[in-house]
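Asks: Give me coordinates for this.
(chains A and B)
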Amino acid sequence: MLELSTSELLEQATAGNSGAWDEIVSRYSGLVWAVARGFALSMADAADVSQTTWLRLVEHLGKLREPEHLGGWLATTARHECLRTLRKSGREVVAFDADVDIESGEPTPEAVVLHDEQDRLVWLSLGEIPQRCQVLLRALSTSPPPSYDEVSAALGMPIGSIGPTRARCLDHLKKRLQAHQVDTRTREGGA
Amino acid sequence: MSEPSTDPMFATLRNVLDHADPVPQAVVEAARAAYTWRTIDAELAELTADSAMATAGVRSTSAPRLLTFEGAGVEVEVEVAQTGSTRHLSGQLVPTGPAQVTVRWSGGTQETTADNLGRFAFDRVPAGSVSLAILRAGSEQPIVTSWISI
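Replies: As a prediction, the model looks like this:
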């Protein structure tokens, strides 16, 4: 399918074109997943949040007020659903706005697939930075790259705050990496 | 405003996340399949209250969760009790009256009738995303509730 705008895709999906729906899913499933996992949900809970988010979109087909902001709508819906999931299980997002590192960076099974030691440490460090930084950096790392509008929706934070927060979050990540004895300068060539 | 991805750290992060935490294929497939739940002729009753979102600290997690959906001139109150990986739903329709009620989830559906007082119940609904479809007696207009993870 040629590059259609999200409004056009939504229009076609609303009219019954499942190919347009599949294209919407491939465009935004990464962003929805990034939000769910950024809130530190388990794989199972993240899968539920993702599915509820997509089913919400199905029920709202033809009813979105700003179809051009579909990505923001999905990110907002996913974020709300994450908070709901955390609260119903008695967990809270501990000071989502706090700028403090999370000390419980437990190694997760996913790290097993990272054979490169430095990649493994990046993964470990990502789990230790403030929660909103995890959401922000994961969202910004999705492909296709999200707009600031979508990132702002993922975090529930004004667009103007994204730039400065992004800079602070990168600092947090680099500091954690350094704490793990990684010289971040050697990583600039990419992996 | 600078481009989000100019810092080389993002190339590293993208690579790490692609390997360590990609969107599971099953999640993508479920998202595609969500489209089959499209209901063209139904009115939507949206979630308007969720006790899980009440102020933390004053609520016990073992207490049943209360959900309220409103729309299409009807209010649906649902109490969700948790037993392991299944849920028991007890509901109340307002205004009261009999109806066909169906609970829908990714893997199936369960149907029951609401009594004259608008009360209905479902046992052993799997945890995950669910929605109710309601057809009130004497009406031809189905109502569906917002999907929600229970």
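Asks: can you give me phi and psi for residue 138?
Replies: You didn't pick a chain, so chain A it is. phi -70, psi -40 (degrees, to the nearest 10).
Asks: please go with chain B instead
Replies: phi 80, psi 0.
Asks: go on, A:S50?
Replies: A:S50 has phi and psi values of phi -60, psi -50 when expressed as degrees, to the nearest 10.
Asks: you'd agree it is up against A:L31?
Replies: No - checked against C-beta atoms under 8 Å, the pair A:S50 and A:L31 is beyond contact range at 10.3 Å. The C-beta positions use only the backbone N, C-alpha and C, and glycine is treated the same way.
Asks: tell me what the helix or strand harbouring A:L124 is packed against?
Replies: According to DSSP states H and E, A:L124 maps onto helix A:117-126. Judged by 3 or more C-beta pairs under 8 Å, 6 or more residues apart in numbering or on different chains; DSSP states H and E, helix A:117-126 is in contact with helix A:131-140, helix A:159-179, helix B:8-20.
Asks: which one of those lies closest to B:E70?
Replies: Set against B:E70 and scored by C-beta to C-beta, the helices and strands packed on helix A:117-126 come closest in helix A:131-140, at 30.2 Å.
Asks: Out of the helices and strands packed on helix A:117-126, which gets nearest to B:S149?
Replies: helix A:131-140 (18.3 Å).
Asks: Give me the next element, helix or strand, following the closest one.
Replies: Next along from helix A:131-140, by DSSP H and E: helix A:148-155.
Asks: one step back: residues that sit against both of A:S50 and A:L31, list them.
Replies: Contact with both A:S50 and A:L31 is made by residues A:A78, according to C-beta atoms under 8 Å, 6 or more residues apart in numbering or on different chains.
Asks: so how many other residues sit close to A:G19?
Replies: Neighbourhood size, A:G19 [other C-beta atoms under 10 Å in any protein chain shown]: 11.
Asks: any idea how far it is from B:L135?
Replies: 31 Å (C-beta to C-beta, to the nearest Å).
Asks: all strands of chain B, in order?
Replies: Along chain B, counting by DSSP state E, strands occupy B:43-50, B:65-71, B:74-83, B:86-94, B:99-105, B:108-114, B:119-126, B:129-136, B:143-145, B:148-149.
Asks: which residues are contacting the fourth one?
Replies: Judged by C-beta under 8 Å, 6+ apart, the contacts made with strand B:86-94 from elsewhere in the structure are B:74-81, B:99, B:101, B:103, B:114, B:117-127, B:130, B:132, B:134, B:136, B:150.
Asks: buried sites along the helix or strand of chain A with the lowest mean pLDDT?
Replies: Counting by mean pLDDT, DSSP states H and E, chain A has its least confident helix or strand at helix A:117-126, which shows a mean of 89. Using 16 or more other C-beta atoms under 10 Å in any protein chain shown as the test for burial, helix A:117-126 gives A:Q118, A:D119, A:R120, A:L121, A:V122, A:W123, A:L124, A:S125, A:L126.
Asks: ok, now stretch B:69-82?
Replies: For stretch B:69-82, by 16+ other C-beta under 10 Å, it's B:F69, B:E70, B:G71, B:A72, B:V74, B:E75, B:V76, B:E77, B:V78, B:E79, B:V80, B:Q82.
Asks: Just confirm A:A78 is within a helix.
Replies: Yes - membership of A:A78 in a helix is supported by DSSP: H, G, I helix; E, B strand; the rest coil.
Asks: circling back: quick one, the least confident helix or strand of chain A and helix B:8-20 angle?
Replies: Counting by axes from the mean of the first three to the mean of the last three C-alpha atoms, to 10 degrees, helix A:117-126 points 100 degrees away from the direction of helix B:8-20.
Asks: Contacts only, for the closest residue to A:H69 other than its chain neighbours.
Replies: Nearest residue to A:H69 in three dimensions, chain neighbours excluded: A:D149, at 6.5 Å (C-beta to C-beta, 6 or more residues apart in numbering or on different chains). Listed by C-beta under 8 Å, 6+ apart, the contact partners of A:D149 are A:H69, A:G71, A:G72, A:I159.
Asks: one step back: restrict the contacts of strand B:86-94 to contacts with chain A.
Replies: B:A127 (C-beta under 8 Å from any C-beta of the partner chain).
Asks: PyMOL command for the buried members of the contacts of strand B:86-94?
Replies: Burial among the contacts of strand B:86-94 is assessed by 16+ other C-beta under 10 Å; the matching PyMOL selection reads:
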select buried, chain B and resi 74+75+76+77+78+79+80+99+101+103+114+118+120+122+125+127+130+132+134+136+150
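Asks: circling back to that earlier point, from the buried residues of stretch B:69-82, which is closest to A:G90?
Replies: B:Q82 (11.6 Å).
Asks: in the chain, what spans have low per-residue confidence?
Replies: As the question left the chain open, I've gone with chain A. A:1-2, A:92-113, A:181-191 (pLDDT under 70).
Asks: my question was about chain B
Replies: In chain B (pLDDT under 70), the answer is B:1-5, B:55-62.
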